[in-house]
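**Student:** Predicted model follows, preceded by the sequence.
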Amino acid sequence: MPFLLQTLSSQSLSMNQITTYGQQFQALAMLYLPRVLMAGLALVVGWWAVGWVSRLIAAAARRLDVSLASFLTSLVNIVLKVLLLITVAGMIGFETTSFVAILGAAGLAVGLALQGTLANFAGGVLILIFKPYVVGDTIESQGKSGEVREIQIFNTILVTPQGDTIILPNGATSNNVIVNKTAQNKAIIEIPAEVDNSTDLSALRGWAIPLMQADADVVATPAPQVVVTALRPGGMAVVFRAYTLAGLNVPAQARLVEQLQQALAQHGVAGPVPVSHSYVRTLPV
């Protein structure tokens, strides 16, 4: 009889435990089931949205460069999916503070590693906003000069008259002195020469200035000039100066050099006369 009572008591206890567990499970289900359903819906919709954004970025970046399109698409896809998974975990009830801290540390490390690239990106944005130069201008910066052919996100591409391609990083360019030689839509031509001290400068200007004015690419204002820049033993350094429209200075200079050389010979303008130097040796006393 005691054994039967003990068995019935154990069975009653087991039923109470089952009922308690059932009630707890039901409470947990009522608490987390809506969260899980909402998180699942958010995951499905978010995953589709990430794919759509990635395809949109790939289509836009492919116009710039195929390699850049692949890199940007992969980067954006991974970042958005990681953010989506963290958001879904937070909706269910998981603690996401540690994940955010890890992402922040990773972002800081990447930022430090790419600080030069980020500086070039910021410099490119400043150049595009404030426009110290545009495509087609001839500029000089960081000791390099040439015509601006392209302003990219990170670099500015210059092309020299010799056919060289110069790549200037935008970060350094935006923080340095920029000489825009065509901002006023004029380009200067300066042709140096050395002549004898006995040269009549008035006569030289009398035929040299009309010769430069006769060139089709030389503008009337500012007017061409012939100026003396230095006095040397046996001669003078002069500069034949004229202005053209932007982009026309190189071919015009080539024509004027040849024409001035022929005109100097025709008018009998001699070059500087060599001056001999005598040296006196002082003997020790």
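**Tutor:** Thanks, I have it.
**Student:** What are the boundaries of the strands in the stretch 101-250 of the chain?
**Tutor:** Using DSSP state E, counting those that start in this stretch, the strands of the stretch 101-250 of the chain run over residues 138-141, 144-151, 155-159, 165-169, 178-180, 186-196, 225-232, 235-245.
**Student:** Dump those into JSON lines; add mean pLDDT as well.
**Tutor:** Listed next are the strands of the stretch 101-250 of the chain as JSON lines, based on pLDDT from 0 to 100:
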{"stretch": "strand 138-141", "mean pLDDT": "89"}
{"stretch": "strand 144-151", "mean pLDDT": "88"}
{"stretch": "strand 155-159", "mean pLDDT": "91"}
{"stretch": "strand 165-169", "mean pLDDT": "93"}
{"stretch": "strand 178-180", "mean pLDDT": "90"}
{"stretch": "strand 186-196", "mean pLDDT": "89"}
{"stretch": "strand 225-232", "mean pLDDT": "91"}
{"stretch": "strand 235-245", "mean pLDDT": "92"}
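**Student:** what residue ranges in this protein score low on pLDDT?
**Tutor:** Applying pLDDT under 70 to the chain picks out residues 1-32, 61-72, 96, 98-100, 103, 106-114, 273-285.
**Student:** How is it divided into domains?
**Tutor:** The chain breaks down into these domains under automatic domain parsing: 20-113, 132-180, 186-266.
**Student:** Relative to V257, tell me which of the strands of the stretch 101-250 of the chain wins on proximity.
**Tutor:** Closest approach to V257 among those is made by strand 186-196 (5.7 Å; C-beta to C-beta). All C-beta atoms are positioned from the backbone trio N, CA, C, and that covers glycine.
**Student:** closest to A101 out of the strands of the stretch 101-250 of the chain?
**Tutor:** With C-beta to C-beta as the criterion, A101 lies closest to strand 165-169 of the strands of the stretch 101-250 of the chain, at 33.2 Å.
**Student:** Mind putting the strands of the stretch 101-250 of the chain into TSV with mean neighbour count and distance to A214?
**Tutor:** Rendered in TSV, the data for the strands of the stretch 101-250 of the chain read as follows (neighbours: other C-beta atoms under 10 Å; distance: least, C-beta to C-beta, whole Å):
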stretch	mean neighbour count	distance to A214
strand 138-141	20	25
strand 144-151	17	27
strand 155-159	19	30
strand 165-169	16	34
strand 178-180	16	29
strand 186-196	16	14
strand 225-232	13	15
strand 235-245	20	11
